[in-house]
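Enquirer: sequence first, predicted model second:
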Amino acid sequence: MFDKIKQIKELREQANTMKQALAQETVQGEAHHGQIAIVMDGNQEVLSVEIAPELLDSDKKEDLQEYIKEAINDAIKKVQRVMAQKMQGLGGLNMPRL
């Protein structure tokens, strides 16, 4: 019983270590040749959004929405790669058998 509690505590500590490490990482997702840029941390929190002024024309609203979606998806893919690298670098989460 106490071994399982200890294993759960260790797993939580490892997860917190991973979360803190990922918070220090940032990626930039881009779309439409860099005219849309999304900066995201390793925990997938959006830190900033940059939009080129020429895309703010109301006639381009649907295009702008699509570009923002593409930039966010690009950033998420990059964060996922960073997460995988961090997990390998930290030895992965040691998932004890519960």
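Expert: Noted; the coordinates are in hand.
Enquirer: which elements pack onto the longest helix along the chain?
Expert: Longest helix of the chain, by residue count under DSSP state H: helix 61-89. Contacts defined by 3 or more C-beta pairs under 8 Å, 6 or more residues apart in numbering; DSSP states H and E place helix 61-89 against helix 2-23, strand 26-31, strand 36-41, strand 46-51. Every C-beta, even on glycine, is put in place using the N, C-alpha and C of the backbone.
Enquirer: export these as JSON lines, with columns for distance to Ser58 and mean neighbour count.
Expert: Listed next are the helices and strands packed on helix 61-89 as JSON lines, based on distance: least, C-beta to C-beta, whole Å; neighbours: other C-beta atoms under 10 Å:
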{"stretch": "helix 2-23", "distance to Ser58": "37", "mean neighbour count": "12"}
{"stretch": "strand 26-31", "distance to Ser58": "19", "mean neighbour count": "18"}
{"stretch": "strand 36-41", "distance to Ser58": "17", "mean neighbour count": "20"}
{"stretch": "strand 46-51", "distance to Ser58": "13", "mean neighbour count": "13"}
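Enquirer: now tabulate these in JSON lines and tack on mean pLDDT.
Expert: Formatted as JSON lines, the helices and strands packed on helix 61-89 follow (pLDDT from 0 to 100):
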{"stretch": "helix 2-23", "mean pLDDT": "85"}
{"stretch": "strand 26-31", "mean pLDDT": "94"}
{"stretch": "strand 36-41", "mean pLDDT": "94"}
{"stretch": "strand 46-51", "mean pLDDT": "94"}
